[in-house]
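Chemist: dropping a prediction and its sequence here:
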Amino acid sequence: MAHDHTKCGDVFAMLSEYLDVELPPEACTEIHQHVEGCAPCVEFTESLKRTVELCKEYEPDTMPEPVSAAAKAELMAAWRKARG
Amino acid sequence: MLAGDEAAFEPFLEHFRRKVFHHTILMCGNREDAEEVAQDSMLKVFGKLDQLHDPEQVRPWVFRIARNECLMKRRKSVFAPQRELSLEEFRPAREEGENGPRLEIADWSDVPGDALLREELRGRIGEAIRDLPETYKAVVLMRDVEELSTEETARVLDISTDLVKQRLHRGRLALRKHLDEYLKVAGRG
């Protein structure tokens, strides 16, 4: 049976929920079965998955200035006051 | 920290101040504002720490405070108009190939194994996140950078879980497109 590429649009719309395993099991199975047999969807799914991985690995290159002694004292005072 | 152990003060401060700073610099876009928001947020965090009853919720709780401080700061400055992202703008074009349809996207197959390429893309992702419209950026930062759950993100941002999912997907698609264009220019199209 020819592969049904009309489903690619549904996959595209739900791909993040699919990758995050946040879809109901039936929808998840349906997408999984479609993607398995659809080269364009496999390619797109992989690229989105890599994007999410890169976000998770992201480390900003700018660091904050060290906290000044005065700012630290102000923070400690706020904490002590809150504790009563 | 929650038990009042003063030895925990420094590590807690360093850890969360850095996190809040990094979040704010991506949200506000400038260092001076990020430093100020980080200090104001930490003041609120320490001043209200007795109100945090569930230690498991410390990260979303701190980010909720930081988010509010960030918004307060933004109210004092000029707002950029919000841009809505639609799914359609990220749907890749297709062409008919010999073996069926293929997408006009870059070749991502080397990304997992090529350490140098991965490093380059890690640099690009920061730029791509900064370019996202604010509502999408806030969700991507919470879900994919800070790795909060959908429910925690919804609570931090005061929006429904459905909206978190919708904005996350569109934000991710925008980031993917940004990286895809970079890969194409780098000769991997």
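Modeler: Perfect, I can see it now. Residues are numbered from 1 along each chain as shown, chains lettered A, B, ... in the order given.
Chemist: what about B:Lys19, how many neighbours?
Modeler: Residue crowding around B:Lys19 was assessed by other CB atoms under 10 Å in any protein chain shown; the count is 18. In this view, the C-beta of every residue, glycine as well, is placed from N, C-alpha and C.
Chemist: tell me if the helix or strand hosting it is near chain A.
Modeler: Assigned by DSSP states H and E, B:Lys19 belongs to helix B:9-28. Yes: under the criterion of CB under 8 Å from any CB of the partner chain, chain A is reached by helix B:9-28 at B:Phe9, B:Leu13, B:Arg17, B:Arg18, B:Phe21, B:His22, B:Ile25, B:Leu26.
Chemist: and stretch B:142-159, by the same measure?
Modeler: Yes: using CB under 8 Å from any CB, stretch B:142-159 reaches chain A at B:Asp144, B:Val145, B:Glu147, B:Thr150.
Chemist: is the last one in contact with B:Leu163, as I believe?
Modeler: No: with the criterion set as CB atoms under 8 Å, B:Thr150 and B:Leu163 do not qualify as a contacting pair; they are 10.2 Å apart.
Chemist: and for stretch B:3-21, what's in contact with it?
Modeler: A:63-64, A:67, A:72, A:75-76, A:79, A:83, B:1, B:34-35, B:37-39, B:41-42, B:45, B:62-63, B:66, B:146 (CB atoms under 8 Å, 6 or more residues apart in numbering or on different chains).
Chemist: out of these, list just those in helices.
Modeler: A:72, A:75-76, A:79, A:83, B:34-35, B:37-39, B:41-42, B:45, B:62-63, B:66 (DSSP state H).
Chemist: now list the buried members of those residues.
Modeler: A:75, A:79, B:34-35, B:37-39, B:41-42, B:45, B:62-63, B:66 (16 or more other CB atoms under 10 Å in any protein chain shown).
Chemist: from the ones in helices among the contacts of stretch B:3-21, which single one is nearest A:Cys28?
Modeler: Of all the ones in helices among the contacts of stretch B:3-21, B:Phe63 has the smallest distance to A:Cys28: 29.0 Å, by CB to CB.
Chemist: out of the residues of stretch B:142-159 next to chain A, who's the most crowded?
Modeler: Top of those by neighbour count (other CB under 10 Å): B:Asp144, with 25 neighbours.
Chemist: I'd say that one and A:Glu57 touch.
Modeler: No: B:Asp144 is beyond contact range of A:Glu57, at 10.1 Å (criterion: CB under 8 Å).
Chemist: which other helices and strands does the single longest helix found in chain A contact?
Modeler: Assignment by DSSP H gives helix A:39-57 as the longest helix of chain A. The criterion is 3 or more CB pairs under 8 Å, 6 or more residues apart in numbering or on different chains; DSSP states H and E, and the helices and strands that helix A:39-57 contacts are helix A:8-19, helix A:25-36, strand B:100-103, helix B:115-131, helix B:161-183.
Chemist: list the residues that contact B:Pro112.
Modeler: A:Arg50, B:Arg118.
Chemist: could you dump stretch A:5-17 to CSV, C-alpha only?
Modeler: Extracted C-alpha coordinates of stretch A:5-17, given in CSV (Å, rounded to 0.1, in the frame of the first residue of the first chain):
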residue,chain,number,x,y,z
HIS,A,5,1.7,11.6,2.8
THR,A,6,-1.5,13.6,3.7
LYS,A,7,-0.8,12.7,7.3
CYS,A,8,2.5,14.5,7.3
GLY,A,9,0.7,17.8,8.2
ASP,A,10,-0.8,16.2,11.4
VAL,A,11,2.6,14.9,12.4
PHE,A,12,4.2,18.3,11.8
ALA,A,13,1.5,20.0,14.0
MET,A,14,2.0,17.5,16.9
LEU,A,15,5.7,16.8,16.7
SER,A,16,6.8,18.5,19.9
GLU,A,17,4.1,16.7,22.0
